[in-house]
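Visitor: Sequence and predicted structure are below.
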Amino acid sequence: MKLSIGYPDTLADELKVALSQNKTSTLQAFVKQSELIDLREKVGAVHIDETISRYIGELVRKTRNDERILLGASPRGTIALHHVAQAEAFLQDRAYVIPEDVIVHVTEILAHRILLKPETRYKGVTHEDVLQSIIQSLSFPQKIRILNNYKWIVILTIVLSLGTYDR
């Protein structure tokens, strides 16, 4: 994942960062290893429908066939999008992934995994521009769009998937 935090605002801030390089011994853990493992398991348990997986795969494959891109995203980009979509759904307190969970992080996950052609860059087109146009060229998985619009269908599906039970 690529995040841009920019440069320090002032010379004083920059010096503070530069001079604190070797002070990692004062860092305190804010989460226990067991808690981190538990979180990873919970995020990994978030359901990704096959239509979402195909959507992610199609999105990544389009980076390999786009005329503005010299080198498209590898299968690791596909894996990373799956993981970040699960994490986003988990953070939104959902047990399933929706297309928006994928789209919200496409730029952070794929921008540094693609190489634009020089002529694309010379035109002032950015990685983000190309990725946004790829997203817009894809249609949302229909099944997921319906579930997203009518959340009661999700509830009904979950109840029906549990099978019959004694009353």
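Guide: It's in.
Visitor: Please, where are all the helices along this structure?
Guide: 11-19, 33-44, 50-65, 75-91, 99-103, 106-110, 118-122, 127-137, 142-149, 151-161 (DSSP state H).
Visitor: Which one of those lies nearest to Met1?
Guide: Taking CB to CB, helix 106-110 is the member of the helices of the chain nearest to Met1, at 5.0 Å. Yep, even glycine has a C-beta here, placed from its N, CA and C like the rest.
Visitor: Report all helices and strands that that closest one contacts.
Guide: helix 50-65, helix 75-91, helix 127-137 (3 or more CB pairs under 8 Å, 6 or more residues apart in numbering; DSSP states H and E).
Visitor: what's the shortest one packed up against?
Guide: By that I understand helix 127-137. Against helix 127-137 (3+ CB pairs under 8 Å, 6+ apart) you get helix 50-65, helix 106-110.
Visitor: Now find how far off-centre stretch 68-84 is within its chain.
Guide: 10 Å (CA atoms, centre = their mean, to the nearest Å).
Visitor: List the buried residues for that stretch?
Guide: 68-69, 72-73, 77-78, 80-84 (16 or more other CB atoms under 10 Å).
Visitor: which residues touch Gly124?
Guide: By CB atoms under 8 Å, 6 or more residues apart in numbering, the contact list for Gly124 is empty.
Visitor: ok, Lys123 to Leu36 distance?
Guide: When distance is defined by CB to CB, to the nearest Å, Lys123 is 43 Å away from Leu36.
Visitor: er, Thr126 actually
Guide: For Thr126, the distance to Leu36 - CB to CB - is 34 Å.
Visitor: Likewise for Pro99?
Guide: For Pro99, the distance to Leu36 - CB to CB - is 28 Å.
Visitor: Compare neighbour counts for the two and give me the winner.
Guide: Pro99 (22 against 11; other CB atoms under 10 Å).
Visitor: Apart from its chain neighbours, what residue comes closest to the more buried one?
Guide: Once flanking residues are discounted, Pro99 sits nearest to Phe140: 4.8 Å by CB to CB, 6 or more residues apart in numbering.
Visitor: Show the backbone phi and psi for the one you found.
Guide: phi -60, psi 150 (degrees, to the nearest 10).
Visitor: In contact with Ile109: list those residues for me.
Guide: Per CB under 8 Å, 6+ apart, neighbours of Ile109: 1-2, 77, 80-81, 84.
Visitor: Report the separation between it and Val17.
Guide: Computed with CB to CB, the distance linking Ile109 and Val17 is 26 Å.
Visitor: Surely Gly72 is in contact with Asp66?
Guide: Yes. Between Gly72 and Asp66 there is a contact under CB atoms under 8 Å: 7.0 Å.
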